[in-house]
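Engineer: please work out how this folds:
(2 chains)
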Amino acid sequence: MGMTITEKILAYHSGKKYVEPGEIIEAKIDLALANDITAPLSIEEFEKVKAEKVFDPDKIVFVLDHFTPNKDVQAAENCQKVKEFARRLGIRNVYDGGVCGIEHALLPELGLVMPGDVVIGADSHTCTYGALGAFATGVGSTDLTFGMVTGRLWFKVPETIRFVCHGKWRKWVTGKDLILHIIGMIGVDGALYSAMEFVGDAIYELSMDSRFSVANMSVEAGAKNGIFHVDDVTLNYLKDKTKRGFKIFGSDPDANYKEVIHLDVGKIGLQVACPHLPSNVKDVEELTNISLDQVVIGSCTNGRLEDLKIAAEIMKGKKIPYGLRCIIIPATPGIYLEALKKGYVQVFLEAGCVISPPTCGPCLGGHMGVLAKNERALATTNRNFIGRMGHPESEVYLSGPAVAAASAIMGRIAHPEEVS
Amino acid sequence: MRFSGRVFKFGDNIDTDVIIPARYLVHTDQKILASHCMEPIDKEFSKKVKPGDIIVAGTNFGCGSSREHAPIAILGLGIPVVIAKSFARIFYRNAFNKGLILLESDVYDHVQEGDEIFVDAKEGLIRTKDRELRSKPIPPFMIELVQSGGLLNYLRKKLEREGGLG
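Structural biologist: Presented below is the predicted three-dimensional model:
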């Protein structure tokens, strides 16, 4: 019996020739990541077990991206604690201030994740790196401490659901629409404990930025990881980023799947997830007259250059209506700079948008765009749970960048064709 | 691993933003986290609940973020066990790592809020006022982890053996 790409990566990292779903293995870790929310807990655990060293300081990364630039004294003290710890342990990959970006956009950009890697991160959207053909999964702070100290962690080998995507992409439709469509179809626990593998001709057509969006939200279907195969698009992306060698894995033709789902992407339109679940998905055309107080374009899901490009194209020469806040958050300083060079930043400022430094901020109701009672937002982020962006009686709709930009101009949920 | 307590019922897809909203994640103190547990859907929860009470929920309990503050907040209220139809996977690991016992069962369909139930976690037995239910067995690997005092105790012993570094 053959193996899937996920099984092969886990087998290789646990020194086995073959693994199968359900098997408990201990795998070697190539990278362990934490942020300003999860690292402090992890450091407390590290101190409790009286560990003295991490397994490899160069394989630990701290990105202080959630409540930064520090939103209050406690947030500042948490970051201070992480930086002191890193200094003491010789961890150099610490991103704060002007080099800080949203972790899941930043790490691939810096070439810290390579195909075939096993990556654990104390952040549920760590699964984003699956876009590069890595096994990447979110863990809690305790698991992260174990990984940081030993360089290993136990995993249950997941079953895999394979999504075979074919057909021609419709105008404006991106990876975000694909993943929202899938979550709408299978539900927020439709891939619980499983790997989601995305293959097919239509996937080959998908940009890296879109692939990151898809892998990113696989956790919103309950998945352990989302994964893509390495192809020319991946290799081209990695060309100027590779700092170390990597191993490419691929699913065998006779690999075993829990389920194989075929999708014609030509049938997928612009998708919007309504409150309060990412699976509550509708076509944008169904949502008429939903007024908005805030639009957020950013996050580890959709704060990349492709997203800003689409938004700028739609907003060019247009104005945000009075009373609506549109917050644009380039996910990394690198993306910010590119957006500046390409003129997107000017388009956003002229339209009346607020441009935030790279941060997770409003996505989780942290800062930089928190909602009041009864306020309604549309965001390119990943979660619309009760109170996610602020007050428990506020609402969040989720979409890709095209719908978000058009909605910002119209002051209500809108299709991009309405403004272009 | 035997418990008896009053039932507090929650529905499907109780996410970690509900269990502990992100704005409180600047704290690591268990008491502070516990005082905001379930706040977005039940402001009074942390005041009503008593040590030993039990959360009973529907499917996909603990979905969303990887924040370990979620099981820490629940444990901080003295709740020793959560029984749900299913659990989100990161929450599942985090809970056992922190010593919060999780049982998979449809007991949600057979109890009312405030009912007293008895739970034998190791046997996977749940007794309500009028019936006996079986939960899915906790995987042997997780039982081993709990019995050795959680993942970090296992790590502590390993470090003591090996002198500082694994």
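
Engineer: contact partners for residue 59?
Structural biologist: Picked chain A for this. Going by Cβ atoms under 8 Å, 6 or more residues apart in numbering or on different chains, A:K59 touches A:I29, A:D30, A:L31, A:A32, A:G151. For every residue, glycine as well, the C-beta is placed using N, CA and C.

Engineer: could you do chain B instead?
Structural biologist: Applying Cβ under 8 Å, 6+ apart to B:T59 gives the contacts A:D189, B:D12, B:N13, B:A84, B:K85, B:S86.

Engineer: once you drop chain neighbours, what's closest to the second one?
Structural biologist: The one in question is B:D12. B:G58 (3.7 Å; Cβ to Cβ, 6 or more residues apart in numbering or on different chains).

Engineer: you'd agree the one you found is up against B:S105?
Structural biologist: No - under the criterion of Cβ atoms under 8 Å, B:G58 is not in contact with B:S105, lying 11.3 Å apart.

Engineer: dump the residue contacts of B:G11.
Structural biologist: B:A57, B:G58.

Engineer: now do B:H69
Structural biologist: Shown in contact with B:H69 (Cβ under 8 Å, 6+ apart): A:L41, B:T16, B:I20, B:Y24, B:L25, B:H27, B:T28, B:L33.

Engineer: A:G334 versus that one, what's the distance?
Structural biologist: Per Cβ to Cβ, to the nearest Å, B:H69 is found 31 Å from A:G334.

Engineer: ditto for A:A105
Structural biologist: From A:A105 to A:G334 the distance is 9 Å (Cβ to Cβ).

Engineer: more neighbours, the two?
Structural biologist: Counted by other Cβ atoms under 10 Å in any protein chain shown, A:A105 and A:G334 do not tie: A:A105 has more neighbours, with 29 against 17.

Engineer: phi, psi of the residue nearest to the more buried one when sequence neighbours are not counted?
Structural biologist: Spatially, and ignoring its direct neighbours in sequence, A:A105 is nearest to A:A331 (3.6 Å; Cβ to Cβ, 6+ apart). When read as degrees, to the nearest 10, the backbone of A:A331 gives phi -70, psi -20.

Engineer: isn't A:A331 right next to A:T301, touching?
Structural biologist: No - under the criterion of Cβ under 8 Å, A:A331 is not in contact with A:T301, lying 9.2 Å apart.

Engineer: need the strands for chain B, in chain order.
Structural biologist: Taking DSSP state E, the strands of chain B run over residues B:2-9, B:54-57, B:81-84, B:101-104, B:116-120, B:125-127, B:132-134.

Engineer: tally of neighbours for A:V260?
Structural biologist: Burial measure for A:V260: 12 neighbouring residues, criterion other Cβ under 10 Å.

Engineer: pairing partners for the strand or helix carrying it, with directions?
Structural biologist: Secondary structure from DSSP states H and E places A:V260 in strand A:259-264. Take DSSP bridges as the rule and strand A:259-264 pairs in its sheet with strand A:160-166 (parallel).

Engineer: contacts only, for the residue lying closest to A:L89 once chain neighbours are set aside.
Structural biologist: In this structure, A:L89 finds its nearest non-sequential neighbour in A:V54, 5.4 Å apart by Cβ to Cβ, 6+ apart. Neighbouring residues of A:V54 by Cβ under 8 Å, 6+ apart: A:I60, A:L89, A:I91, A:M148, A:V149.

Engineer: and stretch A:168-188, anywhere near chain B?
Structural biologist: Yes - against chain B, stretch A:168-188 shows contacts by Cβ under 8 Å from any Cβ of the partner chain at A:V188.

Engineer: and the gap between the residue nearest to A:A105 and A:A223?
Structural biologist: For A:A331, the distance to A:A223 equals 22 Å [Cβ to Cβ].

Engineer: so what's A:L349 up against?
Structural biologist: By Cβ under 8 Å, 6+ apart, the neighbours of A:L349 are A:I355.

Engineer: pretty sure A:I161 contacts A:Y193?
Structural biologist: No - the criterion here is Cβ under 8 Å, and A:I161 misses it with A:Y193 at 10.6 Å.

Engineer: for chain A, which helix is longest?
Structural biologist: In chain A, with assignment by DSSP state H, the single longest helix is helix A:73-89.

Engineer: buried ones in stretch B:40-50, by neighbour count?
Structural biologist: B:P40, B:F45, B:S46, B:V49 (16 or more other Cβ atoms under 10 Å in any protein chain shown).

Engineer: which of the residues you listed lies closest to chain A?
Structural biologist: B:P40 (3.9 Å; Cβ to the nearest Cβ).

Engineer: got the contact list for that closest one?
Structural biologist: Applying Cβ under 8 Å, 6+ apart to B:P40 gives the contacts A:I386, A:G387, A:P392, B:D17, B:V18, B:P21.

Engineer: of those residues, which belong to helices?
Structural biologist: Within these, membership in helices is found for B:D17, B:V18, as judged by DSSP H.

Engineer: all helices of chain B, in order?
Structural biologist: Using DSSP H, helices in chain B cover B:16-19, B:30-35, B:45-48, B:69-76, B:89-98, B:140-147, B:151-162.

Engineer: A strand includes A:C363, no?
Structural biologist: No - A:C363 is assigned helix when assessed by DSSP: H, G, I helix; E, B strand; the rest coil, not a strand.

Engineer: correct me if wrong: it contacts A:N384.
Structural biologist: No - between A:C363 and A:N384 there is no contact under Cβ under 8 Å: 10.3 Å.

Engineer: neighbour-wise, which of the two wins?
Structural biologist: More crowded of A:C363 and A:N384, by other Cβ under 10 Å: A:C363, with 28 against 25.

Engineer: what residues are up against the nearest residue in space to B:R156 that is not next to it in sequence?
Structural biologist: Spatial nearest neighbour of B:R156, excluding adjacent residues (Cβ to Cβ, 6+ apart): A:V49 at 4.5 Å. A:V49 is in contact with A:T145, A:V149, B:L152, B:L155, B:R156, B:L159, counting by Cβ under 8 Å, 6+ apart.

Engineer: any idea how many residues pack against A:K258?
Structural biologist: 15.

Engineer: quick one: A:G269 and A:E286 touch, right?
Structural biologist: No - at 9.8 Å, A:G269 does not count as touching A:E286 under the criterion of Cβ under 8 Å.

Engineer: what about those two, which has more around it?
Structural biologist: Between A:G269 and A:E286, counting by other Cβ under 10 Å, A:G269 is the more crowded of the two (18 against 11).

Engineer: element containing the more buried one, please.
Structural biologist: Using DSSP H and E, A:G269 falls within no helix or strand.

Engineer: so how far is A:Y204 from it?
Structural biologist: Taken as Cβ to Cβ, the span from A:G269 to A:Y204 is 21 Å.

Engineer: then A:I261?
Structural biologist: Per Cβ to Cβ, A:I261 is found 18 Å from A:Y204.

Engineer: assess the claim that A:V272 and A:V284 are in contact.
Structural biologist: Yes - A:V272 lies in contact with A:V284 (Cβ under 8 Å); the separation is 5.3 Å.

Engineer: now for whichever strand or helix holds A:I43, which elements pack on it?
Structural biologist: Assigned by DSSP H and E, A:I43 belongs to helix A:38-48. Under the contact definition 3 or more Cβ pairs under 8 Å, 6 or more residues apart in numbering or on different chains; DSSP states H and E, helix A:38-48 sits against helix A:73-89, helix A:141-150, helix B:151-162.

Engineer: which one of those helices lies closest to B:V7?
Structural biologist: Nearest to B:V7 among the helices and strands packed on helix A:38-48 is helix A:141-150 (27.8 Å), distances taken as Cβ to Cβ.

Engineer: who's in contact with that closest one?
Structural biologist: So helix A:141-150 is contacted by A:29, A:32-34, A:38-39, A:41-42, A:45-46, A:49, A:51, A:53-55, A:60, A:120-122, A:139, A:152-153, B:68, B:93-94, B:97-98, B:150-152, B:155, B:158-159, B:165-166 (Cβ under 8 Å, 6+ apart).
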